[in-house]
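1. take a look and give me a structure for this.
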Amino acid sequence: MVEVLYILMHRSLLLATSLAVILLPEILPAAAKKPPALTVSFHLQAEPGDRRAFKQLTAGKEVLFRKSPEIATSDIVAFRSFPADDGNSYGVIFQLSKVASGRLSSLSTANRGKLLLAVVNGQVRDAVLIDKQVNDGLLVIWKWVSLAEVRLADQHLPRIGEDPKDWKKRLREEKKKK
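-> This is a model prediction of the structure:
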């Protein structure tokens with residue numbers, strides 16, 4: 001009886017090991033996926049007492065911002081960079097999807113006088129004061145974006161006005177050069 005149990009356990013272990021060896025190459029790539037190389041988020045100024053907020057030193061004072069972004073990377077369809085006024089960094093204009101553009105229009109109407117904080121790859125970059133309704137679907141980070149981040153954006157998003165097919169073709173050509 002003990003021998004039978006031993007043989008059954010041995011066979012079960014052998015079967016489990018075989019399945020692991022067969023399935024492991026397919027499972028590992030899915031488990032090893034990296035997070036996106038470029039993340040962009042815009043956080044609205046929060047009200048005092050809001051528990052879902054974080055403090056950020058902005059314009060010389062601590063300001064609360066919502067942890068949950070109003071606009072995120074998935075809302076962005078294109079971008080354009082420009083040299084910032086500080087002479088050391090870049091600014092970036094982001095073009096939003098139609099749905100996100102509508103959200104921005106509503107957000108900017110309802111929250112005049114509040115700040116909108118820009119975060120790139122987990123690092124605070126800039127904050128802008130919402131002073132009017134934004135209907136063009138464009139959001140701007142005016143400064144403190146690095147050249148490396150602009151290059152990352154180039155790998156993830158087409159330039160404003162660039163046809164997505166032309167963008168993909170450009171990416172393929174750049175890979176061939178490397």
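2. measure the most centrally placed residue in the chain to residue 91 for me?
-> When the chain is reduced to its mean C-alpha position, the closest residue under C-alpha atoms, centre = their mean turns out to be residue 39, at 2.2 Å. Residue 39 is 18 Å from residue 91, where distance means C-beta to C-beta, to the nearest Å. Yep, even glycine has a C-beta here, placed from its N, CA and C like the rest.
3. next SSE downstream of the helix or strand of the chain with the lowest mean pLDDT?
-> Lowest mean confidence among the helices and strands of the chain (mean pLDDT, DSSP states H and E): helix 2-31, at a mean of 45. Using DSSP states H and E, the helix or strand that follows helix 2-31 towards the C-terminus is strand 40-44.
4. please state the offset of that following strand from the chain centre?
-> The offset between the C-alpha centroid of strand 40-44 and the centroid of the whole chain comes to 9 Å, using C-alpha atoms, centre = their mean, to the nearest Å.
5. check stretch 57-77 too.
-> 12 Å.
6. and the end-to-end length of that stretch?
-> One end of stretch 57-77 to the other measures 30 Å (C-alpha to C-alpha, to the nearest Å).
7. next one: stretch 61-70
-> With C-alpha to C-alpha as the measure, the ends of stretch 61-70 fall 22 Å from one another.
8. I'd like the average pLDDT over it.
-> The average pLDDT within stretch 61-70 is 95.
9. in that stretch, what counts as buried?
-> Residues of stretch 61-70 classed as buried: 63, 64, 65, 66, 69, 70 (neighbour count, 16 or more other C-beta atoms under 10 Å).
10. for those, which one is nearest residue 173?
-> Nearest to residue 173, judged by C-beta to C-beta, of the buried residues of stretch 61-70 is residue 69 at 33.3 Å.
11. quick one, what contacts the closest one?
-> 41, 42, 43, 119 (C-beta atoms under 8 Å, 6 or more residues apart in numbering).
12. one more time with 7 Å, if that's ok
-> For residue 69, the residues meeting the contact criterion (C-beta atoms under 7 Å, 6 or more residues apart in numbering) are 41, 42, 43.
13. the nearest residue to the second one once chain neighbours are set aside - how many residues pack around it?
-> Leaving aside its chain neighbours, residue 42 sits nearest to residue 71 (4.2 Å; criterion: C-beta to C-beta, 6 or more residues apart in numbering). Using other C-beta atoms under 10 Å, the number of residues around residue 71 comes to 23.
14. pretty sure residue 71 sits against residue 140.
-> No. Look at residue 71 against residue 140 with C-beta atoms under 7 Å: they stay out of range, at 11.9 Å.
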